[in-house]
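K.L.:
pasting a predicted model and its sequence here:
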Amino acid sequence: MDPEYSDKQKVIIEEIKRIAKKLGVEQLSMHDFDQHHRVSALTTVANHFGTWNEAIEAAGLIPYAPGASIHGPIFSDDELLFEIIRLHQQFGRPPSDRRMNSHGKFSAKPYVDRWGTFTKAREVAYEKYGRPE
């Protein structure tokens, strides 16, 4: 480990490495760290490194791309896609992003974040689960 790190930073780096190894990942989200840490809280990490990515890089892990969610996915793909199917069944037609925003369990944002557009997410849902009649 680089000697330029303070003792506290070294403890944080080791904790990040421990959790990443336990989870078998090369990219650790803040959510996963928060769920598994024993030593340092996220605020401590931020105070000692400035950003989550700086701490991740110091631990030798892969940093998140700019704009990517460092919190980790909150909902699984299946949860999101099945909600499209549920709304289609409820209203008898393909849901729009507006309908998702007003009647869905989720807003359209996680669909756009994951699949680029709500329309693409709807296509993926139909490919995976079939289009309701």
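P.N.:
Perfect, thanks for sending it. Residues are numbered from 1 along each chain as shown.
K.L.:
C-alpha from now on. contacts and neighbour counts both.
P.N.:
Noted.
K.L.:
what separation do you get for the closest residue to residue 111 other than its chain neighbours and residue 132?
P.N.:
The spatial neighbour of residue 111 that comes closest, neighbours along the chain excluded (CA to CA, 6 or more residues apart in numbering), is residue 118 at 5.5 Å. Relative to residue 132, residue 118 is positioned 17 Å away (CA to CA, to the nearest Å).
K.L.:
more neighbours: those two, which one.
P.N.:
residue 118 (22 against 13; other CA atoms under 10 Å).
K.L.:
pretty sure the more buried one contacts residue 101?
P.N.:
No - using CA atoms under 8 Å, residue 118 is not in contact with residue 101, being 11.0 Å away.
K.L.:
find the residues that touch each one of the two.
P.N.:
residue 108 (CA atoms under 8 Å, 6 or more residues apart in numbering).
K.L.:
check contacts around residue 98.
P.N.:
So residue 98 contacts residue 108 (CA under 8 Å, 6+ apart).
K.L.:
buried stuff in the helix or strand hosting it?
P.N.:
Take DSSP states H and E as the rule and residue 98 turns out to sit in helix 97-103. Neighbour counts over helix 97-103 (16 or more other CA atoms under 10 Å) mark 97, 99-100 as buried.
K.L.:
now do it, average pLDDT.
P.N.:
The pLDDT scores in helix 97-103 average 93.
K.L.:
next: stretch 46-53.
P.N.:
On average, stretch 46-53 scores 86.
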